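Novice: Quick one, what's the 3D model for this:
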Amino acid sequence: MSCPANRLSTWAAALGALCLVSSAAWAQSSGQSCPKDTTGLRLPSGFCATIFADGIGHARHLVVAPNGVVYVNTWSGRYYGNSAPHAGGFLVALQDTAGNGTANVIERFGETVQGGGAGGTGIGMYKGALYAESNDQIVRYALVSGSNVPRDRPQTIVSGLPLGGDHPMHPFAIDADGFMYIDVASATNSCQPKNRKPASLGADPCTELETRGGVWRYDANKTGQPFSPAGRFATGIRNGEGFAVDSGGHRLFVTQHGRDQLHSNWPDLYKPEEEATLPAEELMNLKPGGDYGWPECYYDPFQQKLVLAPEYGGDGGKKLGPCVNKIAPVAAFPAHWAPDGMVFYDKNQFPSRYRNGVFIAFHGSWNRGPYPQSGYNLVYQPLAGDQANGRCEVFADGFAGPVKSPDQAVHRPTGVAVGPDGALYVSDDVRGRVYKIVYHGDPGSGGDAGITPCPSATAAAGDVTVAGAMPPEGIHPDAGAAAAPATASLPIAKGASKDMVALGDKIYHGQVGGAACTSCHGSAATGTTLGPNLTGKTWLWSDGSYAGIAKTISEGVMQPKQFRSPMPPKGGAELSADQVSAVAAYVWGLSHRN
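Specialist: Numbers count the residues shown, from 1 in each chain. Just a heads-up that it's a prediction; the model follows:
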């Protein structure tokens, strides 16, 4: 079962509160008239922010309906230490009927953890309907007049999307023609058979690209479409969390999370500081059939070109190989900032400098350590047609509080959306906050006061100040391997059933219930440094019987005999008794196969 994640300490939270007060004072002293701004955000002159909603769950992406209702998708994935999911559905509708910048109507709907849901990231609107990612599906909810939440069950648009591995989320966008573009991110860091292990060469060919590491296209008007390799629209995209569609609805942009661990996995080829400065994060113009380089290539901002990765014969940045034929980004950002949600701004409420460019929510780095972590901000990148139009600016900062780090950030920007009135909404997936940002100045102005240019993508790493960090998803050598055998081939314990084993498979792999057992036992259940092999005949805490396995899952293992990380009861999730029995049936089947 999964391992608990780090929690913020009390003193860090107190410092965060202090930071909110001091930042609000800064905003007022710099000429902004925002007497109710307690967000702690640092914004350009004339902009103000309110806390639109708080504590709604791990808020991922969001979208705003034409009537101003904000819809948010929340998630209970393993990145959150399997904290208890919020009561009610994973989808949230927020409405401000008082006009004071705060939602006073909060309604939840959609799948619940009790019904086997885990939430999701992707969300969007098309033809008056709401589309949302839910487990391995994209579903569509019909919205009716007079109600913020749907009355009927959703229809499935796409099913069978790959889950598991390092990047199980499925953000998406829908263009004016009704095409739905879905990010199906990589399962691994760089397509290594031994994921994230030093000197592990990449698979050649990278068969992972058949079903991962790209963008797939489907018809948003059509139900019942199964995921298949045939739907691939573009490839070589490691993790494209952010999509933006221009005002005409046809020009698409997508972000790229650059690969990790160049120095830590290849210390003979890369200097320690290059762990923090390579590769750049990317903004790409999405083209049909485009190949953007992953896993063979990464973007080197110092040379301003794609270079060959060490897993595929690279020599630290000199060799280009097939990268000369890949599509380079239109804009580059500092390494490991982690671009998540993105939106094209085409309204008139903001000053003219902010029109026809994109706002990008940067979730923040972990891989820059032991050098200072960075990102944790909202950035604006101006565009001219298909290309960047000058340097980006840090539009909003201060989300993280006093410490920018994965385990101490008070808030982390994740999604961004534009309302019909031109306001900007930003979500936070740490504490479930949604911010609303408006402009109180003259929209006809250029809006050039108080601008903070982005650091150069070639900026130095800085001084060693913090301890190194680990990937939020952990290091799982088998992340790119096929999942454990299909449940149809597994034996069934007395007292269990075929359906229970199938449900246990989904719970084990984090698709249901919020307890991603793969974090400690691996996707094939063959064990990691954190948890034992579940496919053998050796049992540390029971006799290996169906009842014994269920008892161990229910009670947890607080003092492991051979492993350093304890397993909390039910893997730290709120599994029902039936769900515990289902996981036990699945694990029993794995250990009694053949």
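Novice: In contact with the residue nearest to Leu424 when sequence neighbours are not counted, which residues?
Specialist: Closest residue in space to Leu424, ignoring its immediate chain neighbours: Ile437 at 4.3 Å, by Cβ to Cβ, 6 or more residues apart in numbering. Backbone N, C-alpha and C define where each C-beta goes, glycine included. For Ile437, the contact set (Cβ atoms under 8 Å, 6 or more residues apart in numbering) comprises 41, 43, 47-49, 396, 423-426.
Novice: Mind pulling the model confidence for Ala361?
Specialist: We note a pLDDT of 98 for Ala361 in this prediction.
Novice: What is the helix or strand hosting it packed up against?
Specialist: Taking DSSP states H and E as the criterion, Ala361 maps to strand 357-362. Packed against strand 357-362 by the contact rule (3 or more Cβ pairs under 8 Å, 6 or more residues apart in numbering; DSSP states H and E) you find strand 281-285, strand 339-345, strand 377-384, strand 413-418, strand 424-428.
Novice: any idea of the angle the first one forms with strand 377-384?
Specialist: What it means is strand 281-285. Orientation note: strand 281-285 sits at an angle of 40 degrees relative to strand 377-384 (axes from the mean of the first three to the mean of the last three Cα atoms, to 10 degrees).
Novice: Mind listing what's buried along strand 281-285?
Specialist: 281-285 (16 or more other Cβ atoms under 10 Å).
Novice: Tell me the strands beside that strand, with direction?
Specialist: strand 252-256 (antiparallel), strand 331-333 (antiparallel) (DSSP bridges).
Novice: what do you get for the second one?
Specialist: Each strand that strand 339-345 pairs with, and the sense of that pairing, follows from DSSP bridges: strand 357-362 (antiparallel).
Novice: from the chain's centre, how far out does the strand it pairs with sit?
Specialist: 15 Å (Cα atoms, centre = their mean, to the nearest Å).
Novice: Can you give the contact residues for that strand?
Specialist: By Cβ under 8 Å, 6+ apart, strand 357-362 touches 242, 244, 253, 255, 281, 283, 333, 337-345, 375-383, 389, 395, 413-416, 424, 426-427.
Novice: in the chain, which spans are helices?
Specialist: For the chain, the helices defined by DSSP state H cover 10-29, 262-265, 274-277, 498-508, 518-521, 546-555, 577-591.
Novice: Now do the strand holding Ala361 and strand 424-428, the angle between them.
Specialist: Between strand 357-362 and strand 424-428, the angle comes out at 20 degrees (the same axes, to 10 degrees).
Novice: so Pro406 makes contact with Gly364?
Specialist: Yes - counting by Cβ atoms under 8 Å, Pro406 does reach Gly364; the two are 6.8 Å apart.
Novice: Could you pull out the residues contacting both of these two?
Specialist: Common neighbours of Pro406 and Gly364 (Cβ under 8 Å, 6+ apart) are Gln373.
Novice: Look up how far His170 lies from Pro532.
Specialist: From Pro532 across to His170, the span is 31 Å (Cβ to Cβ, to the nearest Å).
Novice: do Ala493 as well
Specialist: 33 Å.
Novice: Please apply the same query to Asn67.
Specialist: Asn67 sits 26 Å away from His170, going by Cβ to Cβ.
Novice: Beta-bridge partners for Cys297, please?
Specialist: Beta-bridge partners, per DSSP bridges, of Cys297: Leu308.
Novice: Run through the residues that contact it.
Specialist: Counting by Cβ under 8 Å, 6+ apart, Cys297 has contacts 236, 306-309, 321-323, 326.
Novice: ok, so what distance separates it from Gly572?
Specialist: Counting by Cβ to Cβ, the separation of Cys297 from Gly572 is 38 Å.
Novice: go on, Tyr218?
Specialist: Tyr218 is 34 Å from Gly572, by Cβ to Cβ.
Novice: Which one's more surrounded, the two?
Specialist: Neighbours around Tyr218 and Gly572, counted as other Cβ atoms under 10 Å, are more numerous at Gly572. The numbers are 25 against 21.
Novice: Need the pLDDT of that one.
Specialist: So Gly572 comes in at 74 (pLDDT).
Novice: please renumber so the chain begins at 349
Specialist: In the new count, where the first residue is 349, that last one comes out as Gly920.
Novice: neighbours of Gly875, just the number please.
Specialist: Neighbours of Gly875 (other Cβ under 10 Å): 17.
Novice: quick one, phi/psi of it?
Specialist: Dihedral angles of Gly875 (phi, psi; degrees, to the nearest 10) stand at phi 90, psi 160.
Novice: Contact partners for it?
Specialist: Gly875 neighbours (Cβ under 8 Å, 6+ apart): 869, 881-882.
Novice: repeat for Asp777
Specialist: Going by Cβ under 8 Å, 6+ apart, Asp777 touches 406-408, 422-423, 428, 711, 760, 762.
Novice: Please report how far the closest residue in space to Leu617 that isn't next to it in sequence lies from Phe400.
Specialist: Computed as Cβ to Cβ, 6+ apart, the closest residue to Leu617 that is not its neighbour in sequence is Gly664, at 3.8 Å. Between Gly664 and Phe400 the distance, using Cβ to Cβ, works out to 46 Å.
Novice: repeat for Tyr693
Specialist: From Tyr693 to Phe400 the distance is 18 Å (Cβ to Cβ).
Novice: Same check on Ser548?
Specialist: Look at Ser548 and Phe400: by Cβ to Cβ, they are 44 Å apart.
Novice: Give me the more crowded residue out of the two.
Specialist: Taking other Cβ under 10 Å, Ser548 and Phe400 do not tie; Phe400 has more neighbours (24 against 20).
Novice: Give the full set of residues in contact with that one.
Specialist: Contacts of Phe400 (Cβ under 8 Å, 6+ apart): 418, 442, 444, 449-451, 773, 782-784.
Novice: could you dump the helices and strands packed on strand 705-710 to a markdown table with mean pLDDT and distance to Pro916?
Specialist: Formatted as a markdown table, the helices and strands packed on strand 705-710 follow (pLDDT from 0 to 100; distance: least, Cβ to Cβ, whole Å):
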| stretch | mean pLDDT | distance to Pro916 |
| --- | --- | --- |
| strand 629-633 | 98 | 34 |
| strand 687-693 | 98 | 28 |
| strand 725-732 | 97 | 33 |
| strand 761-766 | 98 | 25 |
| strand 772-776 | 98 | 25 |
